[in-house]
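Peer 1: Build the 3D model from these lines:
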Amino acid sequence: MIFPFSSKVDSLFGEGASEQLGAKVKEFGCTKVICIYDKGIRKAGLIDPLIDNMKTAGLDVIQYDGVLADPPDTMVNECAAIARNEKVDGVVGIGGGSSLDTAKAVNVLISNPGNIEDYFGGPSTPHQASKPLVLVPTTSGTGSEVTYIAVVTNTTRHTKDGLQGPATTATLAITDPVLAKGMPPSITASTGMDTMAHAIEAYTSTQASFMSDFLAEKAIELTAKYLPMAMKNGDDIQARTQMSFASMLAGEAFNNAMIHIGHAFGAGLGAAHHIPHGIGCAIGLSAVIDLVAELMPEKVRRIGELIGLELAPNLTPKEVGDKVSKKIKDLNKEMGIPSMVDLGIKESDLENITKKTMADIGFMFLARKMEYDEAFAIIKGLYANT
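Peer 2: Numbers count the residues shown, from 1 in each chain. The predicted model follows:
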């Protein structure tokens, strides 16, 4: 088996790693940076020490705290205009996936003309390399700090669009599990299940390889063990460390293997109803298992074992798949993940959600082709059973 594998981002990982933020940014030759985050990070008391750290290192820090969930293109353009006007020579993103994706997108516009809409479409809309980009996650789920894709909401088409290239790839990711201690249980749950979704989807993608499988298996195992612990006690630094590590591993796995129907559904649900990404992916995760249970029976059995199931050897692939799918649904309930009905989704909305799901790039990596009627039936099943 011949396969490519690339780890595109240098990482600094461990308890207290964020204390090196200013020094590391300075090493890249930066003198004036824009620091991008949301208001919740400041409210949690996380941002001020990091800003002070950068200022102590001699950096001039321009702050932007207007990040919104599922970052809209209008907000990205607003932030980029500030960065351009201030003539910053570096970008620092701190927070969850929305803040990190915003930082990536802003980094594209600092050294390239136009608005962010001009760069939707991935490799078909190339851009030049930009300024040093340092990403500091405060959640354990998106893996955005080590991936090369930024996802931005297209407010004209009401879709989530991706862009990728040198400016959306971090120069350095600094992952400090201490920062994750500030996450409330609901965010711990949704981002943690996002990690699980990244790992399981990468594991069952058509692009999976020996290396991505190795990373995905470990991420699944760690998430199953430590996410409930982090939920019960947010100050459990061991659980936070292992979840931060799982998130990074899962990000590297899907960086190379890609994700598929679960994330396509999460993007479709998010684009149509502004549902948080992690929640959408968590709801869609059982559909991943249902899709591949008979196509990848050994992998689905292995997933079951990694999440704590004891599976008799005489079970058929469908029976194994049913048990694994149910275990994932049970885990969602244990984590407090709301159902589509809980979220106010109506059955009449499913047609639009299906269309947006099928338009997502993740649909390209399904283990087999799927037409609209089947995709609609799967999403209707998620609606009925979550």
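
Peer 1: what helix or strand is T102 on?
Peer 2: Assigning secondary structure by DSSP states H and E places T102 in helix 97-110.

Peer 1: which helices and strands sit right next to that helix?
Peer 2: Helix 97-110 sits against strand 32-36, helix 73-86, strand 90-95, strand 133-137, strand 149-154, with contacts defined as 3 or more C-beta pairs under 8 Å, 6 or more residues apart in numbering; DSSP states H and E. All C-beta atoms are positioned from the backbone trio N, CA, C, and that covers glycine.

Peer 1: Let me know the angle separating that helix from strand 90-95.
Peer 2: Using axes from the mean of the first three to the mean of the last three C-alpha atoms, to 10 degrees, the direction of helix 97-110 lies 160 degrees away from that of strand 90-95.

Peer 1: rank the helices and strands packed on helix 97-110 by pLDDT, which is bottom?
Peer 2: With a mean of 91, strand 149-154 has the lowest mean pLDDT of the helices and strands packed on helix 97-110.

Peer 1: Tell me which residues are up against that one.
Peer 2: 70-73, 76, 97, 101-102, 104-105, 108, 116-117, 120, 122, 144, 159-164, 168, 267, 271 (C-beta atoms under 8 Å, 6 or more residues apart in numbering).

Peer 1: Give the buried residues for that strand.
Peer 2: I149, A150, V151, V152, T153 (16 or more other C-beta atoms under 10 Å).

Peer 1: Could you point out the helix or strand that follows that strand?
Peer 2: Immediately after strand 149-154, counting by DSSP H and E, sits strand 159-164.

Peer 1: Quickly run through the sheet partners of that next one, with directions.
Peer 2: Strand 159-164 has the following strand partners under DSSP bridges: strand 149-154 (antiparallel).

Peer 1: pull the CA atoms of the partner strand into PDB?
Peer 2: In PDB, the C-alpha atoms belonging to strand 149-154 read as follows (Å, rounded to 0.1, in the frame of the first residue of the first chain):
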ATOM      1  CA  ILE A 149      -8.500  24.100   6.200                       C
ATOM      2  CA  ALA A 150     -10.400  27.100   7.400                       C
ATOM      3  CA  VAL A 151     -14.200  26.900   7.300                       C
ATOM      4  CA  VAL A 152     -16.200  30.200   6.900                       C
ATOM      5  CA  THR A 153     -19.900  30.700   6.600                       C
ATOM      6  CA  ASN A 154     -20.900  32.100   3.200                       C
END
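
Peer 1: got the angle for that strand vs helix 73-86?
Peer 2: For strand 149-154 against helix 73-86, the angle by the same axes, to 10 degrees is 110 degrees.

Peer 1: All further residue positions should be reported with the first residue as 59.
Peer 2: Fine by me, first position is 59 from now on; the one you just mentioned is strand 207-212.

Peer 1: chain center to strand 207-212: distance?
Peer 2: 11 Å (C-alpha atoms, centre = their mean, to the nearest Å).

Peer 1: same deal with stretch 399-407?
Peer 2: Counting by C-alpha atoms, centre = their mean, stretch 399-407 comes out at 24 Å from the chain centroid.

Peer 1: For it, give me every contacting residue.
Peer 2: By C-beta under 8 Å, 6+ apart, stretch 399-407 touches L327, A330, H331, I333, I337, I411, K438, Y441, T444.

Peer 1: tell me how far the ends of it are from each other?
Peer 2: End-to-end distance of stretch 399-407 (C-alpha to C-alpha, to the nearest Å): 11 Å.

Peer 1: in that stretch, what's buried?
Peer 2: Neighbour-count burial for stretch 399-407, counted by 16+ other C-beta under 10 Å, picks out L401, I403, D407.

Peer 1: Same check on stretch 266-284?
Peer 2: Residues of stretch 266-284 classed as buried: 266-267, 269-271, 273-284 (neighbour count, 16+ other C-beta under 10 Å).

Peer 1: neighbours around D431, how many?
Peer 2: 9 (other C-beta atoms under 10 Å).

Peer 1: Check K376 too.
Peer 2: 13.

Peer 1: so when I look at it, I'm seeing a strand, right?
Peer 2: No. When DSSP: H, G, I helix; E, B strand; the rest coil is applied, K376 is found to be helix, with no strand at that position.
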